[in-house]
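> Got a predicted structure plus its sequence, pasted below:
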Amino acid sequence: MNLLQWKLLPLLTLLASVFLVFYLKDPSENECSLLPHKHFWITSKRIVTPQGVISGAVEINGGRIVSIVKEEERHGKIMGNHVVDYADAVVMPGLVDVHVHLDDPGRSEWEGFPSGTKAAAAGGVTTLVDMPLNNFPSTTSEETLKLKIKAAEGRIYVDVGFWGGLVPENAFNASALENLLKAGALGLKSFMCPSGINDFPMTNITHIKEGLSVLAKYKRPLLVHSEIEQSSPSPVQREGSQDDPRSYSTYLTTRPPSWEEAAVRELLKVTNNTRPGGPAEGAHIHVAHLSDSGSTLELIKEAKRSGDSVSVETCTHYLAFSEEDIKDGDTRFKCAPPIRDKANKEKLWDALMEGHIDMLSSDHSPTVPDLKLPDSGDFLKAWGGISSLQFDLSATWSHAKKRGVTMEQLALWWSERPAKLAGLELKGAIAIGKHADIVAWAPDEEYDVNDIPVYLKHPSISAYMGMKLSGKVLATFVRGQLVYEEKHAPAACGTPILATVTD
């Protein structure tokens, strides 16, 4: 080594270390957010709080909401602090979507944590709870939950919690279920009909009763896909139906409302156990994706009146679409339970606005395009599931605004009640002490879905492609980090949410 090289050695070492730090360091807080401030204010003329819509400012520090100031009180209180002003836009608690299939690990070619959570952030969803099936292996044990958590770490742009699965294999094994719940599952999910996934078989009411006894100890919910297969009429027996697999009415006939009614009627045999003083007090039954606004809903209302711990969700696609809208061969609209007729849709809206349906979810259930059979358009053989996560807010609002829905109702259906179901006490509201999970959006701004970036892995299979929607998301904050504002933050710094066990 000559003298010049010797003198340059310290400088070269320093440059090399800087290079390594820059390229190999863990994501910094700045990379997690498009906003470089921990302490800042969000201002707007329309801030949705549990006490109503106010004009004012929300103070955020260290990822939490530390104060809320009304417009008439804010003079001099936010001087010298960074202010993000959304003017006339609505500032609302971020959406909490409790029914999402991201298919990761094992089937990430269907969706995956990165693409799914990017789509969530772009749609104003700040927290989602991932379902235990469609990924592989299904999340039915402590070990498989750990696999899912590991797959999520460092790859999610919003906060993600996890449901565990109740299946015949673990239903009579209380220690296995307890280990799954102790490992952080927010609750359990079961199917009362074949799920379509081999390692997630259906349960009967005996399995469900056993699961409730364990859930009662941890005060967590059981979400149920409430359909039981019944003998149904041949498609040709339905008036106006032709036995054509490309006809949506053919598929609709194979999955009538009586399937939902039969399942809920069976559930009523055990929901009374969840009443105060009952053997499963502390457990809760949640009916997933209600499609039938008739006798099935009446049974749920009866259970609520009796004091059973029961809730029910419906999904955006049941409120946005109806049988009459679906063209032959357009299998993007196939889901289970199915989308029913226009009269049923209007009754679902009525039930939601009257408080009989508690909350909304997406049931985002994507796949690879080939499994939707776009070429044959065969509704009987195509994979069932609506791809919709990015459009939760705008698809709901596009139809809700015509019915006089308020911002407070929207926050109740999409934020407060879902957060409560999942036991997420720090989520679901713009209130002091809560996580600063916030969406700012323009309710009057229309956009064509085909003209915006769609972050779902397979946009072509979404039923919302080609539609014009109202309510454009401007910005999404997760724990005070600006994760989306026309683009995403450089790093995926969402947090896996695990339930904790307290003595």
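Here it is on my side, so go on. Residues are numbered from 1 along each chain as shown.
> In the stretch 251-400 of the chain, what residue spans correspond to helices?
257-271, 295-305, 316-320, 342-353, 392-400 (DSSP state H, counting those that start in this stretch).
> I'd like to know which of those helices is closest to Thr127.
Shortest distance between Thr127 and those, using Cβ to Cβ, is found for helix 392-400: 11.7 Å. Every C-beta, even on glycine, is put in place using the N, C-alpha and C of the backbone.
> Just the buried positions in the next helix or strand after the closest one, please.
Later in the chain than helix 392-400, the nearest helix or strand by DSSP states H and E is helix 407-411. By 16 or more other Cβ atoms under 10 Å, the buried positions in helix 407-411 come out as 407-408, 410-411.
> And for stretch 427-436?
427-430, 434-436.
> host element of the residue most central in space within the chain?
A centroid search over the chain (Cα atoms, centre = their mean) returns Asp97, at 2.2 Å, as the residue closest to the centre. Secondary structure assigned from DSSP H and E places Asp97 in strand 95-100.
> Could you export that strand as CSV, CA atoms only?
Output of strand 95-100 as CSV, limited to C-alpha atoms (Å, rounded to 0.1, in the frame of the first residue of the first chain):
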residue,chain,number,x,y,z
LEU,A,95,-61.8,2.0,8.2
VAL,A,96,-61.5,-1.3,10.1
ASP,A,97,-62.3,-4.1,7.7
VAL,A,98,-62.8,-7.3,9.7
HIS,A,99,-63.3,-9.7,6.8
VAL,A,100,-60.4,-9.9,4.4
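> how far does the helix or strand following it sit from the chain's center?
Going down the chain from strand 95-100, the next helix or strand is helix 113-122, by DSSP H and E. How far helix 113-122 lies from its chain's middle: 11 Å, per Cα atoms, centre = their mean, to the nearest Å.
> which helices and strands does helix 113-122 pack with?
Counting contacts by 3 or more Cβ pairs under 8 Å, 6 or more residues apart in numbering; DSSP states H and E, helix 113-122 packs against strand 95-100, strand 125-130, strand 468-478, strand 481-484.
> Next up, the contacts around the nearest residue to the residue nearest to the centre of the chain once chain neighbours are set aside.
Nearest non-adjacent residue to Asp97, counting by Cβ to Cβ, 6 or more residues apart in numbering: Leu128, 4.4 Å away. For Leu128, the contacting residues are 96-98, 100, 102, 116-117, 120, 158-161, 389, by Cβ atoms under 8 Å, 6 or more residues apart in numbering.
> So which of the residues you listed wins on neighbours?
Ala120 (35 neighbours; other Cβ atoms under 10 Å).
> so it makes contact with Val158?
Yes - Ala120 is in contact with Val158 according to Cβ atoms under 8 Å; the separation is 4.9 Å.
> joint contacts of those two?
Common contact partners of Ala120 and Val158 (Cβ under 8 Å, 6+ apart): 126, 128.
> Could you measure from Pro245 over to Val91?
Going from Pro245 to Val91 by Cβ to Cβ, to the nearest Å gives 47 Å.
> ok, the two, which is more surrounded?
Set side by side, Pro245 and Val91 show more neighbours around Val91, with 28 against 18, by other Cβ under 10 Å.
> Now do the helix or strand harbouring the more buried one: which elements does it pack against?
Val91 is part of strand 90-93, with elements assigned from DSSP H and E. Packing contacts for strand 90-93, counted by 3+ Cβ pairs under 8 Å, 6+ apart, involve strand 39-49, helix 407-411, strand 438-448.
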